[in-house]
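> need a structure here:
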Amino acid sequence: MNGQIQVRLITLALSKAGVTVSELWVRYYAVGGKVSEFEVQAYLGGLLVLPGSERNVLADAMNELLEGSPVNIRVPRSEEDEAAETPEASRRSLGALGAFLFTAEEAERERLHAVTRTNLLDSPPESRFDQYTQQARDYFAVSSSVVALIDDHRMFLKSVIGSIEQNLPREVTFCTATIRNAGPLIIPDAREDDRFRTNPLVVGEPFIRFYAGYPLRGPGGWTVGTLCVIDQKPRNFSAQDGRFLRKLARLVEDEINA
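Next up is the predicted model:
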């Protein structure tokens, strides 16, 4: 009995019996299940594979819920030895979707692994990225535009137009703040922003005043870098500006994940 058949039978049984995944998980946990409700939902949705031992506990829990009901479906146990897949491997297969299951340190390790998997660190410039930094600078009429990857200690510029230094220490870059955002980071005037007013890139070269950055998702959905525009003059940022930056960021992501 493989996992796909078990998933189909459990899903059918849930529907026929009017049982929710939450109710199934409570019974599963009560009989010794070890993975979270979210992971059970992801397994039933085809987003990850559970170890054979956990699948069997889930099958037992489903069958217990069906006892005494008019539903005559029963979920067979798996006879395959699939215990080699650990809960950690199961979580990793979810990618960024399961980030909340990791500690901050574990999530950052997964993110850095995704950066490495892009195979773009320290690679030469490419026109497929340069076209988007050029479009961004032209549209926003700013001094600089970059596609940046953020590794454990630096900001690597895969594409740059303007006077932004290569391999800046990660901790001083605006892009480090951007990769922590679900959406864009917009700073109309860095000298008026308490988070950045004393930043060395604001009080010194390149004297950043305006910054708009959009996080870029790579392998596994982890945020690996940013598309951003920078200028030495403060400026407003409209909803139309936001839509254009998001559009370019999605195109850059397509190249990262090609």
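> who touches Leu248 in this structure?
By Cβ atoms under 8 Å, 6 or more residues apart in numbering, the residues touching Leu248 are 132, 135-136, 214, 227. Any C-beta I mention is one placed from the backbone N, CA and C, and that applies to glycine too.
> give me the buried positions along stretch 120-129.
120, 129 (16 or more other Cβ atoms under 10 Å).
> and stretch 220-235, by the same measure?
220, 222-231.
> avg pLDDT for the host helix or strand of Arg243?
Applying DSSP states H and E as the criterion places Arg243 in helix 239-256. Mean per-residue pLDDT for helix 239-256: 96.
> list the buried residues for it?
Quick answer for helix 239-256 (16+ other Cβ under 10 Å): 241, 245, 248-249, 252-253, 255-256.
> what sits up against stretch 29-48?
3, 7, 10-11, 21-22, 24-25, 28, 49-50, 54-55, 57-58, 60-61, 64, 87, 90-91, 93-94, 97-98, 100-101.
> what lies in contact with stretch 189-196?
174, 177, 187, 197, 199, 202, 208-211, 234.
> out of those, which are inside helices?
Applying DSSP state H to the contacts of stretch 189-196, the entries found in helices are 174, 177, 202.
> any of those residues buried? List them.
For these, buried by 16+ other Cβ under 10 Å: 174, 202.
> dump the ones in helices among the contacts of stretch 189-196 to CSV, plus distance to Ala141.
Shown next, in CSV, are the ones in helices among the contacts of stretch 189-196 (distance: Cβ to Cβ, whole Å):
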residue, distance to Ala141
Phe174, 19
Ala177, 24
Val202, 20
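> going by distance to Val71, which of the buried residues of helix 239-256 wins?
Glu253 (44.2 Å; Cβ to Cβ).
> contacting residues around the closest one?
Counting by Cβ under 8 Å, 6+ apart, the residues that Glu253 touches are 216-218.
> Ser163 now?
Contacts of Ser163 (Cβ under 8 Å, 6+ apart): 143-144, 205-206.
> which among the residues you listed count as buried?
143-144, 206.
> and Val115, what's its pLDDT?
96.
> before we move on, which element is it in?
With DSSP H and E as criterion, Val115 is part of helix 104-117.
> off-centre distance for that helix?
10 Å (Cα atoms, centre = their mean, to the nearest Å).
> relative orientation of it and helix 239-256 in degrees?
70 degrees (axes from the mean of the first three to the mean of the last three Cα atoms, to 10 degrees).
> average pLDDT for the helix or strand just after helix 104-117?
Where DSSP H and E defines the elements, the next helix or strand beyond helix 104-117 is helix 127-140. Mean per-residue pLDDT for helix 127-140: 97.
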